[in-house]
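>>> Sequence first, then the predicted structure:
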Amino acid sequence: MPKITFTLNGQKEALNTRLDLRLLDLLRTHYHLTGSKEGCGEGECGACSVFINGKLINSCLVPLGSINGADIMTIEGYKHTERFKVLQKAFIKEGGSQCGICTPGMMMASEYLLAHNPNPTEHDIRHGLSGNLCRCTGYNMIIKAIKRAAKEGKGLW
Amino acid sequence: MKKDITTTIDNVEAKEKIEGSAKYTSDIHIEGAYYAKPIRSSLAKGLIKSIKIPSLPKDYFVVDESDIPGENVVAMIDDDWPVFAANRVEYIGQPIMLIVGPDKAKVYSLCQNVKITYAEETPTLDFGQPEKTLKFHKGDIKKAFKEADEIIEYDYETNYQEQAYIEPQGFIGYPENNGVHLIGSIQCPYYVKNAVKRTMAFDDDQVRIKQAFVGGAFGGKEEFPSLMACQLAVAIDKIQQPIKMIYEREEDMVVTTKRHPAKIKMQAAVNRDHKVTAIKSEVALDGGAHIGLSEVVLSRSMLAVSNAYTIDNLDVKGHVYKTNTVPNGAFRGFGAPQMIFAIEMFIHHIAKKRGLDPYQFRMKHLVKQGDKTATSGIYRDPIIMRDMIKKATEMSDYHEKVKRYNQKGSFKGIGMSWFLHGCGFTGSGEKDIIKAKVRLKKDSDDQVYILVAAVDMGQGAKTTLRKVVAQVLDIDIEHVIFDNPDTLYVPDSGPTVASRTMMIVGGLLARAAQKLKNQWLKSQEQTVEEIYEQPSYVKWDQKTMHGDAYPAYSWGVNVVEVEIDKVTYEVNVKHMWSVYDLGKAIDENIVLGQADGGQAQGIGYGMLEVMQHKDGRIQQRNMTDYIIPTAADMAKTKNIIMDNPYPLGPYGAKGVGELTLVGGAPAVALAIEMAINRPLRKIPVTPEVIMEAITDA
Ligand code: FES
Ligand code: FES
């Protein structure tokens, strides 16, 4: 089996693996990093969102063949950052998580949005999150949480 | 002074959910667990002639009907669901057997190579002979129709709705105590337990069911998980290995229960004073291939017939039809959304036909305290709808906008729905069927454990129930512990359905907490229990459907504003406003979250979410085909929560969860109706439906 190397949450990793397996499965079954969820398996829901080389990507669509040399961050890595803490607090205070299955993905999408637009308007947030489905919240409390995080985390993004 | 219970606290589960450490079923890892995958019927109706299974490597198994030690039935209200199809198949997707083995990819490839031949039969896809029929009446329908000034009649139609929880259904389990221990994404631990006992012919102590974190349910995980659990139990019992069965999205979407498509006939007698004196209504629900819970769904639908209006004479009939399609079942609102759509549109359509202002016309029929319900029970508690409607119209500028938008070619509209939702089980269900029991246990460190079967599936039950117990005991919420229900420890407090968790289970917990407080002995172990008792004034006759169908009702008003693209007919939701009377909010943020989420589902049902079958085959197979609202589709909401405590609810609380969904569809449909100035009689109102309405006129 071919060998691939990559960085996962700051750690160097090397694996012999089939290249057609999905990154999401590698994360969940091999590394037991189950914060990335499978909601649809086809790139529609965003529950499996991770960062690959700083880009927000649905890991259910990524074959391992494409991650050689990549820098990957999952919610388990992101949660140690200052930005995460601000976002987490804002999500708690605004009630942005109900069943929670979409939430780790929402955190990744929120991070990506704020990193590119530290002062988003309501419209920016709605469109920035439109790749992440949530069936519980109707999104308003998530949007409020991001606004709050942008304010309370001023200077972080 | 104690804090007002409504004051928001941090959701007790939020932290671990946000950081991704909360364990949902598929996140649970058991070393060496096998995988199971169902083989399903590819035919809507027929006899199984032959099944050819590829040769199975060591440690791979087929599990089917012949392995069932007990009855091949999933215990529900109607016991017509087989665990595995035996000789015949009745819908596309019906499970016939499982393939089980250690390697998931291998299991999947074996599944591909199973060949089944059938003797095909003609499937029933239309409504023929009803399988179930219910009826009730109120007053003197004949007289009212005889004396009518005008009889007005329209038909309404609703289609499937898929729960589309983001976490697909799943279980993991292993052999334990000569039986099985199953962990799953479920709403009703005891429904699952009772079903498994029957299929396996197991004793009580051989079945243990535990809830994992649930990634959304909305009724979809009420009865369906029992089917999966029974199958998995058979497999675990046969193979004696831990086994995992997690649906993929497509499988979940195509084979799990959905909201019943409905056809509703409405006929009204109107007198010279423009008063609706009587309504005749006939509801037809498509139950799919198995009846399951359909009869109860039907009764909820029928009971909503006069919604928030008082109509003195009613004649209501309902039928469930069996078709060779995927079985339908529970979905937030449970039959009410179909009827509330129909009656809200109908009352407008009557007003328009009579050339009257719909708002005034509805006002004239609005329910008051002391009026008789549809089933001749009594609305006992104060009703504050007038005040709520006033608030809703003021904050949305409703009357002004109606004037402005009610013009040809405005392509803007505003719609308002009024509605109620009965809290708890229908009729005498709580008393006769559920008999809820709750327990509080205090250890020698004075930590209090909540022992109930209620599930937190995102609606915040963990937070709100802990809050109630802590507040009654006047102790810090940190000292109240509420783990995910495990049937080994918790009594049967009933299923997590019917907006009953706070009012019924929370009410019992508040009483238990009071009892514990009265007997409190520091540093000593203590246990208290409470069992549900029906308020003595609630009288219900199930046979005639007469009396008080519910002990209490929650109320709501939704207003939705839309703008429609003149070229594409795309509907843009501009704003939503709501006012709710749910007695008392136990946690403001949690109730507001229910309000936003329920409305999004209601509006999705009204204008966006299309699901259809073709010759019995569900056409929408994934989240690309089945569109649910995204952040960009939804608009700002403003919700007002009223304070109107219900004397028998904990701190005055009634039900919340379903109430927030049931008014969404008519509100958005009425807004679209105004925008295009054409009557609408079916949902979802998609751009195609709008185009049709405009071209037809
Ligand atoms: S699971 Fe990857 S986008 Fe839904
Ligand atoms: S919180 Fe349940 S899907 Fe978003």
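In hand now; what should we look at? Numbering: from 1, shown residues only, chains lettered A, B, ... in the order given. Ligands and ions are numbered 1, 2, ... in the order given.
>>> Can you tell me the number of residues neighbouring B:Lys462?
By the criterion of other CB atoms under 10 Å in any protein chain shown, B:Lys462 has 18 neighbours. To be clear about C-beta, it is placed using only N, CA and C from the backbone, and glycine gets the same treatment.
>>> And for B:Asp432?
B:Asp432 has 12 nearby residues by other CB under 10 Å.
>>> what sits against it?
Residues near B:Asp432 by CB atoms under 8 Å, 6 or more residues apart in numbering or on different chains: none.
>>> Can you verify it is assigned to a helix?
Yes. When DSSP: H, G, I helix; E, B strand; the rest coil is applied, B:Asp432 is found to be in a helix.
>>> Contact partners for the one residue in the stretch 401-550 of chain B that gets nearest to chain A?
In the stretch 401-550 of chain B, the residue that lies nearest chain A is B:Gly458 (2.8 Å; CB to the nearest CB). Counting by CB under 8 Å, 6+ apart, B:Gly458 touches A:98-100, A:136, B:214-217.
>>> again, only this time at 6 Å
A:98-99, A:136, B:216 (CB atoms under 6 Å, 6 or more residues apart in numbering or on different chains).
>>> so of these, which ones are in strands?
Among the contacts of B:Gly458, the subset assigned to strands under DSSP state E is empty.
>>> filter those by proximity to ligand 2?
Contacts with ligand 2 within the contacts of B:Gly458, counted by CB under 6 Å from any ligand atom: A:98-99, A:136, B:216.
>>> looking just at contacts, which helices and strands does the helix-or-strand element of chain B with minimal mean pLDDT meet?
When each helix and strand of chain B is scored by mean pLDDT, DSSP states H and E, helix B:429 comes last, with a mean of 88. Under the contact criterion of 3 or more CB pairs under 6 Å, 6 or more residues apart in numbering or on different chains; DSSP states H and E, helix B:429 touches no helix or strand at all.
>>> And for the helix or strand just after it, what's in contact with it?
Counting by DSSP states H and E, the next helix or strand C-terminal to helix B:429 is strand B:437-442. Identification of contacts with strand B:437-442 by CB under 6 Å, 6+ apart yields B:448-449, B:451-452, B:491, B:493, B:508-509, B:512, B:516, B:526-531.
>>> What sits closest to the residue in chain A that chain B sits nearest to if chain neighbours are left out?
Proximity of chain A to chain B (CB to the nearest CB) peaks at A:Gly35, 2.2 Å away. Once flanking residues are discounted, A:Gly35 sits nearest to B:Gly20: 2.2 Å by CB to CB, 6 or more residues apart in numbering or on different chains.
>>> And for B:Val254?
In this structure, B:Val254 finds its nearest non-sequential neighbour in B:Ile618, 4.7 Å apart by CB to CB, 6+ apart.
>>> Could I get the phi/psi values of the one you found?
phi -60, psi 130 (degrees, to the nearest 10).
>>> my read: it touches B:Asp252, true?
No. Here B:Ile618 does not reach B:Asp252: they are 11.0 Å apart, not a contact under CB atoms under 6 Å.
>>> what's the burial count for the closest residue to ligand 1 within the stretch 301-450 of chain B?
Proximity to ligand 1, evaluated over the stretch 301-450 of chain B using CB to the nearest ligand atom, is greatest for B:Phe331 at 21.8 Å. For B:Phe331, the neighbour count with other CB under 10 Å is 26.
>>> re the thing from before, per-residue pLDDT of the residue nearest to B:Val254, please?
Looking at B:Ile618, its pLDDT stands at 98.
>>> re the thing from before, so the residue of chain A closest to chain B, which state does it fall into?
Secondary structure state of A:Gly35, per three-state DSSP, is coil.
>>> Give me the distance between the residue nearest the centre of chain A and A:Leu87.
Residue closest to the average C-alpha location in chain A (CA atoms, centre = their mean): A:Met108, at 2.9 Å. Separation of A:Met108 from A:Leu87 (CB to CB, to the nearest Å) stands at 10 Å.
>>> And the closest residue to chain A within the stretch 151-300 of chain B, how close does it get to B:Ala164?
Ranked by CB to the nearest CB, the top residue of the stretch 151-300 of chain B for proximity to chain A is B:Gly215, at 2.9 Å. Counting by CB to CB, the separation of B:Gly215 from B:Ala164 is 11 Å.
>>> Please report phi then psi for B:Thr630.
Phi and psi for B:Thr630, reported as degrees, to the nearest 10, are phi -100, psi 180.
>>> Please name the nearest non-neighbouring residue to it.
Taking CB to CB, 6+ apart, and ignoring the residues beside it in sequence, B:Thr630 has A:Ser130 as its nearest neighbour in space, at 4.4 Å.
>>> For burial, what's the neighbour tally of that neighbour?
15.
>>> Enumerate every residue touching it.
Per CB under 6 Å, 6+ apart, neighbours of A:Ser130: B:630-632.
>>> One more: B:Tyr190?
B:453, B:492.
>>> what do you get for the one 5 residues further on?
B:Ala195 is in contact with B:74-75, B:226, B:230, counting by CB under 6 Å, 6+ apart.
>>> Name the nearest residue to B:Lys52, ignoring sequence neighbours.
The shortest distance from B:Lys52 to any non-neighbouring residue, by CB to CB, 6+ apart, is to B:Lys115 (4.2 Å).
>>> I'd say that neighbour and B:Ile51 touch.
No. Applying CB under 6 Å as the test, B:Lys115 and B:Ile51 come out as separate, 7.5 Å apart.
>>> what about the longest helix seen in chain B, near chain A?
For chain B, the longest helix by residue count, based on DSSP state H, is helix B:588-607. Yes. Helix B:588-607 is in contact with chain A by CB under 6 Å from any CB of the partner chain, via B:589, B:593, B:596-597, B:599-600.
>>> So which elements touch that helix?
Packed against helix B:588-607, as judged by 3+ CB pairs under 6 Å, 6+ apart, are the following elements: strand B:571-581, strand B:636-641, helix B:659-662, helix B:664-676.
>>> And the residue of chain B closest to ligand 1?
Here chain B gets closest to ligand 1 at one residue, B:Met623, 7.2 Å apart by CB to the nearest ligand atom.
>>> What about residue 125, how many residues nearby?
Since no chain was named, I'll use chain A. A:Ile125, neighbours per other CB under 10 Å, totals 25.
>>> Hmm, no, I was thinking of chain B.
Neighbour number of B:Leu125 under other CB under 10 Å is 16.
>>> picking up where we left off before, any idea what sits nearest the residue of the stretch 151-300 of chain B closest to chain A, other than its immediate chain neighbours?
Nearest-residue entry for B:Gly215: B:Glu167, 2.4 Å, with adjacent residues in sequence omitted and distances by CB to CB, 6+ apart.
>>> my read is the one you found is in a strand, agree?
No. Assessed with three-state DSSP, B:Glu167 is coil; it does not lie in a strand.
>>> Tell me who's in contact with it.
Residues near B:Glu167 by CB under 6 Å, 6+ apart: A:101, B:24, B:185, B:215-216.
>>> Tell me if I'm right that B:Met266 and B:Phe346 touch.
Yes. Counting by CB under 6 Å, B:Met266 does reach B:Phe346; the two are 4.5 Å apart.
>>> related to what we said a few turns ago, and the helices and strands packed on helix B:588-607, which is most packed in?
Mean neighbour count (mean count of other CB atoms under 10 Å in any protein chain shown) peaks for helix B:659-662 among the helices and strands packed on helix B:588-607, with a mean of 32.
>>> Check the model's average confidence along that helix for me.
Mean pLDDT, computed over helix B:659-662, is 98.
>>> could you check whether it is close to chain A?
No. With CB under 6 Å from any CB as the criterion, chain A is not reached by helix B:659-662; the gap is at least 9.2 Å.
>>> Skipping its backbone neighbours, what lies nearest the residue of chain A most remote from its centre in space?
When each C-alpha in chain A is compared with the mean C-alpha position (CA atoms, centre = their mean), A:Met1 comes out farthest, at 29.1 Å. Using CB to CB, 6+ apart and skipping residues adjacent in sequence, the residue nearest A:Met1 is A:Asn16, 4.4 Å away.
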